[in-house]
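Chemist: sequence unavailable; structure follows:
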């Protein structure tokens, strides 16, 4: 494998071929996808290596002291040989990366081969194609977080530990001196904590970047602008905390900290700047000077880092591994945005040239990433299985008339989009409504005329007179409720999504196989919309590959919406995206064979590209940052010299040899719920086939799940169907 190394004596940088590290117990072997250059720490090391021996000694007086002690103990010749031998050896570079687990050592049970992890440590997260990383120095990457963003984990942990040392409180004001990589992250972490931030850096570009990322004001530390901003934000009292994220030999940062900090404020040193404290200034204000030790508790403790002995959470809340996981979670949720910090991405093979450009000042950067060979990326995006539908179907019996329905859940969608179409429908009886709270069941019973209202689901599933069960609950419960209803022999209508994980989807199909009951419909209603069905008919049979574009202007959710509970309810696209994938597949008369997904940084905007067996493609742009006045759904299908266009279920048109435009503009958008329900009730009543084949429902669900896998891996995901 290849690794970036440096000879500290000569300053030579090289990409060497070195043996692959073994996968020892208590850790994992990780194939790197992206590693991050710390433009502060690493460039300082690179610059020191290029100095003369006298320059090296002046820059590292701590090492000179060790040498002198060795001379006193071992004599000059032995010490000289030891020092020269150490200087004339290759040393590694790097300490922050993201990659894929390739091997798992004994004693590790929290990750498996193929998992994406972020890794830390200047001996374990190196600029190398493969690294062995002990358990407490890696953490799994959250779903949806891109590998290049997860590569910021270690430097993010350094910034986070510094902020924790400052103990910020809501409403306080902080000053961040030095707006390099660590300083920019400190600014964002403080802003996310409810702290107003002033930044100080002589580089106006970095000041502008910090203001864009949440700082209230920034300026040159030598200018009056910083002092004026502090005075305005604090009423003249001074900031509550100062974070020293600067490097270099100037004493200006610590002097500025004393000048602008309030009485009994806190000064936290995160970087490596000169610390000649002006005694009078610090004494008179009784300033609390604190140091932040790298990634957090556990750092430099071999029992923690190498032997995997964790600190009890009740005694040490935030260890370096927990800091690493916390930072990745903040990035995944959009509270911290690392994408604007990426100044340059270089291929790993160009590492030496990249370091030289940084050292010479030709490449001015906040953060630089190394991108590793393609095989690493391919490993990040494993295929998602499309489970086969194995069922020995029991004969579907025709239901009695009226068809008796039970609803599990009576929330906003059920009461606004489904029940109004069913309450007055001939041949339908609303038998029972089941909710977790008694009052919501009572309200649904009164409003829609259910015969019974209950909180006892088992009683409903055991009622042989009920023909079909509607599952209209929160996303996390869909798969389990569907499985239970199928095993009870009911026809099931479940709102999307059918499942949030591959295991949940497999559980539903296991219930189908066990019971012989495949009477299942998922609420993919767009394919039943009158305008769209008419437009597809007018478009006619397709002979060549098609290109489909689907723009979904989803908009922002209200604060407090349960859709935002991604930890339990899945991502927003996981909950809603099946609608659009199903619509595309129906229009193209096929199921997708691969999925490629990319996400915009800091929000939930997605681009999803689906590829179909005949070469057709469908691109779904799912955006939350658009104008609220713009239509929610617009769709274009292009093939064979024809174009089908749908404008938000208000107007449809087809352009070809003849032009067709829908003649009616409905007062309300008809997205197909009424027709979908009619088709489902007919299938239940007659015993005929379900409106959408089960194989199609499974394929759409698997493709939706593949979007999350693709976001995590950063590469196309193959949808593998069992033969």
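Modeler: Ah, there it is. On a predicted model such as this, the values are computed, not experimentally measured, just so you know.

Chemist: can you point out the buried residues in stretch 409-429?
Modeler: By neighbour count on 16 or more other Cβ atoms under 10 Å, the buried set for stretch 409-429 is 409, 410, 414, 415, 417, 418, 419, 421, 422, 425, 428, 429. All C-beta spots, glycine's among them, are computed from the backbone N, C-alpha and C.

Chemist: possible to save those residues as CSV with distance to residue 714, secondary structure and pLDDT?
Modeler: Formatted as CSV, the buried residues of stretch 409-429 follow (distance: Cβ to Cβ, whole Å; DSSP: H, G, I helix; E, B strand; the rest coil; pLDDT from 0 to 100):
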residue, distance to residue 714, secondary structure, pLDDT
409, 36, coil, 91
410, 41, coil, 88
414, 38, helix, 90
415, 41, helix, 88
417, 36, helix, 89
418, 38, helix, 93
419, 42, helix, 93
421, 42, helix, 92
422, 44, helix, 94
425, 48, coil, 89
428, 48, strand, 94
429, 51, strand, 94
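
Chemist: export those residues to CSV and tack on distance to residue 251?
Modeler: Shown next, in CSV, are the buried residues of stretch 409-429 (distance: Cβ to Cβ, whole Å):
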residue, distance to residue 251
409, 65
410, 68
414, 67
415, 67
417, 67
418, 70
419, 72
421, 74
422, 76
425, 81
428, 81
429, 83
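
Chemist: low-confidence ranges, this structure, go.
Modeler: Along the chain, the parts satisfying pLDDT under 70 run over 8, 40-68, 70-89, 374-382, 392-400, 558-568, 601-603, 664-668, 713, 721-723.

Chemist: and the helix of greatest length in the chain, what does it pack onto?
Modeler: Using DSSP state H, we find that the single longest helix of the chain is helix 694-713. With contacts taken as 3 or more Cβ pairs under 8 Å, 6 or more residues apart in numbering; DSSP states H and E, helix 694-713 sits against helix 374-380, strand 384-386, helix 502-515, strand 520-522, helix 572-588, strand 594-599, strand 606-611, strand 717-721.

Chemist: with distance to residue 15 and mean neighbour count as added columns, please give these in a markdown table.
Modeler: A markdown table is the format used below for the helices and strands packed on helix 694-713 (distance: least, Cβ to Cβ, whole Å; neighbours: other Cβ atoms under 10 Å):
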| stretch | distance to residue 15 | mean neighbour count |
| --- | --- | --- |
| helix 374-380 | 15 | 17 |
| strand 384-386 | 35 | 21 |
| helix 502-515 | 38 | 18 |
| strand 520-522 | 51 | 24 |
| helix 572-588 | 39 | 24 |
| strand 594-599 | 29 | 22 |
| strand 606-611 | 34 | 21 |
| strand 717-721 | 31 | 18 |
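
Chemist: select, out of the ones you listed, the one closest to residue 162.
Modeler: strand 594-599 (28.2 Å; Cβ to Cβ).

Chemist: mind listing the helices for the stretch 301-450 of the chain?
Modeler: Ranges of helices in the stretch 301-450 of the chain, per DSSP state H, counting those that start in this stretch, are 302-305, 320-332, 351-360, 374-380, 412-413, 419-423, 438-448.

Chemist: where do the strands of the stretch 101-250 of the chain begin and end?
Modeler: Using DSSP state E, counting those that start in this stretch, the strands of the stretch 101-250 of the chain run over residues 116-120, 130-134, 138-140, 173-177, 196-200, 217-219, 239-244.

Chemist: and residue 238, how many neighbours?
Modeler: By the criterion of other Cβ atoms under 10 Å, residue 238 has 19 neighbours.

Chemist: cool, the one 4 residues further on as well?
Modeler: The number of residues packed around residue 242, counting by other Cβ under 10 Å, is 31.

Chemist: host element of the closest residue to it other than its chain neighbours?
Modeler: Spatial nearest neighbour of residue 242, excluding adjacent residues (Cβ to Cβ, 6 or more residues apart in numbering): residue 257 at 4.0 Å. Under the criterion of DSSP states H and E, residue 257 resides in helix 252-260.

Chemist: one step back: can you say which of the helices of the stretch 301-450 of the chain is packed in most?
Modeler: Highest mean neighbour count of the helices of the stretch 301-450 of the chain: helix 320-332, a mean of 23 (counted as mean count of other Cβ atoms under 10 Å).

Chemist: one step back: so what's the residue nearest to residue 242 up against?
Modeler: When contacts are counted by Cβ atoms under 8 Å, 6 or more residues apart in numbering, residue 257 touches 175, 177, 242, 244, 267, 287.

Chemist: how much space between it and residue 245?
Modeler: Applying Cβ to Cβ, to the nearest Å, the value for residue 257 to residue 245 is 11 Å.
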